[in-house]
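> Dropping the sequence and predicted coords here.
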Protein chains: 2
Amino acid sequence: MFNKRMQKLGEERSVIRELFEYGNRRKQEIGAENVFDFSLGNPNIPAPAAVNGEIARLLRETPEETLHGYSSAQGLYEARAAIAKYIRVKFGVPAEPDLIYMTCGAAASLTVTLSALFEEGDECVVLAPFFPEYRVFAEGAGYRLVVAETDKNFRPDLAALENAITPKTKAVIVNSPNNPTGAVYTEGEMRALAALLEKKSKEYGTPVFLLADEPYRELTYGAEPPYLPALYKNTVVCYSWSKSLSLAGERIGYVFIPSACENAQTLFHAVCGAGRSLGFVCAPVLFQRVVAKCVGQTSDLAEYKKNRDLLYGALTSFGYECVPPEGAFYLFVRSPEASAAAFCERAKKYELLLVPSESFGVGGYVRVSYCVPRAVIEKSLPAFRALLGEYKK
Amino acid sequence: MFNKRMQKLGEERSVIRELFEYGNRRKQEIGAENVFDFSLGNPNIPAPAAVNGEIARLLRETPEETLHGYSSAQGLYEARAAIAKYIRVKFGVPAEPDLIYMTCGAAASLTVTLSALFEEGDECVVLAPFFPEYRVFAEGAGYRLVVAETDKNFRPDLAALENAITPKTKAVIVNSPNNPTGAVYTEGEMRALAALLEKKSKEYGTPVFLLADEPYRELTYGAEPPYLPALYKNTVVCYSWSKSLSLAGERIGYVFIPSACENAQTLFHAVCGAGRSLGFVCAPVLFQRVVAKCVGQTSDLAEYKKNRDLLYGALTSFGYECVPPEGAFYLFVRSPEASAAAFCERAKKYELLLVPSESFGVGGYVRVSYCVPRAVIEKSLPAFRALLGEYKK
């Protein structure tokens, strides 16, 4: 009687969200301090003081009859102008306010862009492991999802990628810093990927678009992710302030179409049309006003590096295997047994909430989100040690 | 190369939004005080003081690391519990927090509900004249839109509605108080509609769902709209605080599935799945917290009644024809020439921005949004008079 796909998506939820809800129940049962919840990418570092300061200023100074009113569908000009200027100055890439579309966060950035690009029969390529919702968003827009493996260190594998691209490939999603592996792709790797996409676009006579999903751009620990529009003209940037400004619940981000992009203006129209069709109307306006002032600022991201160093150091010292993450706030740890799901179930006995890797498109790993209070990490370490001990008996 | 439907939707925009943008340009050219912009349903009455007061309190009192973080996908429990309680007390209808899904406003309420219900081949019935985005949302979800006429006073015409319903009809959208006519359907009219839907559901062996699109529920000037879940069990309420709390730009609303609804729990899952697929993640969390405290409050809606009385009185005294509106903040005025679009073009010469009715599914009318400052209405009256005068020469 209802839509089977939607019903299934709602019943399963995402594995991650399901675990998050389990964790909330468990915290009520045994106390929050006794549950080591590494399930969700929900920033634990507060937004910078400038965010709440700006909200307070807006409440005082904006005419009250306009403060909470509609913006135009593409967003407030002041927000789009501030973002365009930031992109020009920071990355040296031409950017126009009129090719920026404000969104309800990264998920919306992706669904409107994917829907705008989609034509019947199109395929969308992702690099495994990948954020599980890519499948949901791409299939929701009508694409067949095609998965390209990465190498054993989760670096892009050009041969595998070339294999995955067909004349039907409309888009390739790249996520760097990467969720779940923490990999940050180098400029060399991205130049090679750009060259491949250019070759394939030429070969097929129609562009393959690169979707740069960048919610973690600022969360790096040394490595500097290259700005993809500078390397490949048919790039669309899908951005969100969920992590950089710790505004995950406020749903604020943008789509940026470089003017060098083929038929940029037409694509922008299609993005606006997709936003309209999916029911977005406009991005939340108070936070459009906030980011207009706070673009380029970040939360105190150094805290995540301290978490990473502590957790990565301890887990590897216990004997866990893990490629050192260069960005984002996840460790992608090899499961000590073949089934990551079974390992995660066992971890629950120690009140450790870890996300099994199957939904990320690879088996045998778990994702550990370290955007949690330091005390949680410290208190969890004996549990991690004891859990691995079970496999050494 | 792009999605043709999305491209077209983005290029046309909605007629309403297009006029709104035209108005903004015109205001820059000749001064805002000289443009009589009746195009958009953007509340001009500020949110009640409680809204900004609550935001200020949240900034002071909520732990800063949780204030802006994700809520669960269906929304904060505190918000859903407050809404459920409000529905139980106000309308005497059983309501559970676990069958309420917080959304990014009415548009999202509609797109997730329509997507949740949709199965291949389904049709969606609307009563003309209707909010033009119903077509966009319904067709976006896959439906064929079927239009049922109303009578000459814009009251539901049961025979026309019965004619429009087929075995493929999954949903009927009812919008009362109505955009664009201001009609408020009576309990008698809605009981008759409910009886028809029950008869048809029985006849076809599968329920026809009633979608109650209720952003204008509180904006009435005497008439009390009946609560549809009390009259028809398979009703889904799509609500938004855009108009009642003047929060149009903040994108906050909900979907309410009564527990009496057939397979309510399954439908709720499908709604959650649709939200996930369309890219909503969660409703903006600061405003979830705000509405949890402000549910049942409204802006100073009496201002709209004063606007209505002034504008309706003046326009009809000049000779315009218009059914007196009982709710919402629109006059639906008969065009003095056959083509409403031509009339609206002529109105622009007088700096009057009116929306032609063609996109609402009927010809020969214009929509006049009177959610504007009193002074705009007062200053516009000579223009309205002169405009009609052109037809009397």
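That came in fine, so what should we check first?

> Contact residues of the stretch 201-350 of chain A facing chain B?
Residues of the stretch 201-350 of chain A lying close to chain B (CB under 8 Å from any CB of the partner chain) are A:206-207, A:246-251, A:262-263, A:266-274, A:276-288. Every residue, glycine included, has its C-beta placed from N, CA and C.

> Now, of those residues, which are buried?
A:207, A:246-251, A:266-274, A:276-288 (16 or more other CB atoms under 10 Å in any protein chain shown).

> I'd like to know which of these are part of helices.
Residues of those located in helices (DSSP state H): A:266-274, A:276-278, A:285-288.

> quick one: the helices in the stretch 251-393 of chain A?
Here the stretch 251-393 of chain A has its helices, by DSSP state H, counting those that start in this stretch, at A:264-278, A:285-294, A:302-318, A:340-348, A:374-389.

> Could you list every helix and strand in contact with the longest one?
The one in question is helix A:302-318. Applying 3 or more CB pairs under 8 Å, 6 or more residues apart in numbering or on different chains; DSSP states H and E, we find helix A:302-318 packed against strand A:330-334, helix A:374-389.

> Pass me the low-pLDDT residue ranges in chain A, would you?
Filtered on pLDDT under 70, chain A yields the residue ranges A:14.

> For it, just list every one of the strands.
Using DSSP state E, the strands of chain A run over A:36-37, A:100-103, A:123-128, A:144-149, A:169-174, A:209-213, A:235-240, A:253-256, A:330-334, A:352-353, A:355-356, A:365-369.

> burial count for the nearest residue to A:Ala283 once chain neighbours are set aside?
With CB to CB, 6 or more residues apart in numbering or on different chains as the criterion, A:Ala283 has its nearest non-adjacent residue at 3.9 Å, and that residue is A:Met102. A:Met102 has 29 neighbours, counted by other CB atoms under 10 Å in any protein chain shown.

> Mind listing the residues bridging to A:Met102?
A:Tyr254 (DSSP bridges).

> quick one: the closest residue to A:Ser246 other than its chain neighbours and A:Val295, what's the gap?
Leaving out its chain neighbours, the residue that sits closest to A:Ser246 by CB to CB, 6+ apart is A:Pro43, at 4.0 Å. For A:Pro43, the distance to A:Val295 equals 17 Å [CB to CB, to the nearest Å].

> Quick check on these two: which one has the bigger neighbour count.
Using other CB under 10 Å, the more surrounded residue of A:Pro43 and A:Val295 is A:Pro43, with 28 against 19.

> so who does the more buried one touch?
The neighbourhood of A:Pro43, defined by CB atoms under 8 Å, 6 or more residues apart in numbering or on different chains, consists of A:Ser242, A:Lys243, A:Ser246, A:Ala248, A:Ser299, A:Phe329, A:Cys371, B:Glu65, B:Gly69.

> can you count the residues close to the nearest residue to A:Glu12 once chain neighbours are set aside?
Nearest non-adjacent residue to A:Glu12, counting by CB to CB, 6+ apart: A:Glu18, 7.4 Å away. Counted with other CB under 10 Å, the neighbours of A:Glu18 add up to 13.

> In the stretch 51-200 of chain A, what residue comes closest to chain B?
A:Thr111 (3.2 Å; CB to the nearest CB).

> So what does the residue nearest to A:Ser246 have for phi and psi?
phi -50, psi 130 (degrees, to the nearest 10).

> Of the helices of the stretch 251-393 of chain A, which stretch is the most buried?
helix A:264-278 (a mean of 25; mean count of other CB atoms under 10 Å in any protein chain shown).

> What angle do strand A:209-213 and that one make with each other?
Counting by axes from the mean of the first three to the mean of the last three CA atoms, to 10 degrees, helix A:264-278 lies at 60 degrees to strand A:209-213.

> Dump helix A:264-278 to PDB, keeping only the CA atoms.
Coordinates of the C-alpha atoms in helix A:264-278 are reproduced here as PDB (Å, rounded to 0.1, in the frame of the first residue of the first chain):
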ATOM      1  CA  ALA A 264      27.100  26.000 -15.600                       C
ATOM      2  CA  GLN A 265      24.100  28.300 -15.800                       C
ATOM      3  CA  THR A 266      21.800  25.500 -17.000                       C
ATOM      4  CA  LEU A 267      23.100  23.200 -14.300                       C
ATOM      5  CA  PHE A 268      22.400  25.800 -11.700                       C
ATOM      6  CA  HIS A 269      18.900  26.000 -13.000                       C
ATOM      7  CA  ALA A 270      18.500  22.300 -12.700                       C
ATOM      8  CA  VAL A 271      19.800  22.400  -9.200                       C
ATOM      9  CA  CYS A 272      17.200  25.100  -8.300                       C
ATOM     10  CA  GLY A 273      14.600  22.900 -10.000                       C
ATOM     11  CA  ALA A 274      15.600  19.900  -8.000                       C
ATOM     12  CA  GLY A 275      15.500  21.800  -4.800                       C
ATOM     13  CA  ARG A 276      12.000  22.900  -5.600                       C
ATOM     14  CA  SER A 277      10.900  19.300  -6.600                       C
ATOM     15  CA  LEU A 278      12.300  17.700  -3.500                       C
END
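
> That one - contacts with which helices or strands?
strand A:100-103, helix A:105-117, helix B:4-12, helix B:133-141.

> could you redo the last one with a cut-off of 6 Å?
helix A:105-117, helix B:4-12, helix B:133-141 (3 or more CB pairs under 6 Å, 6 or more residues apart in numbering or on different chains; DSSP states H and E).

> just to revisit the earlier point, didn't the residue of the stretch 51-200 of chain A closest to chain B look like it was pressed against A:Phe137?
Yes. A:Thr111 lies in contact with A:Phe137 (CB atoms under 6 Å); the separation is 5.1 Å.

> quick one: contacts for A:Ser299?
A:Ile45, A:Pro48, A:Ser246 (CB atoms under 6 Å, 6 or more residues apart in numbering or on different chains).

> and if we set it to 7 Å?
A:Pro43, A:Ile45, A:Pro46, A:Ala47, A:Pro48, A:Leu245, A:Ser246 (CB atoms under 7 Å, 6 or more residues apart in numbering or on different chains).

> now swap in A:Asn52 and tell me
Contact analysis of A:Asn52 by CB under 7 Å, 6+ apart lists B:Leu59.

> Great, nothing more from me.
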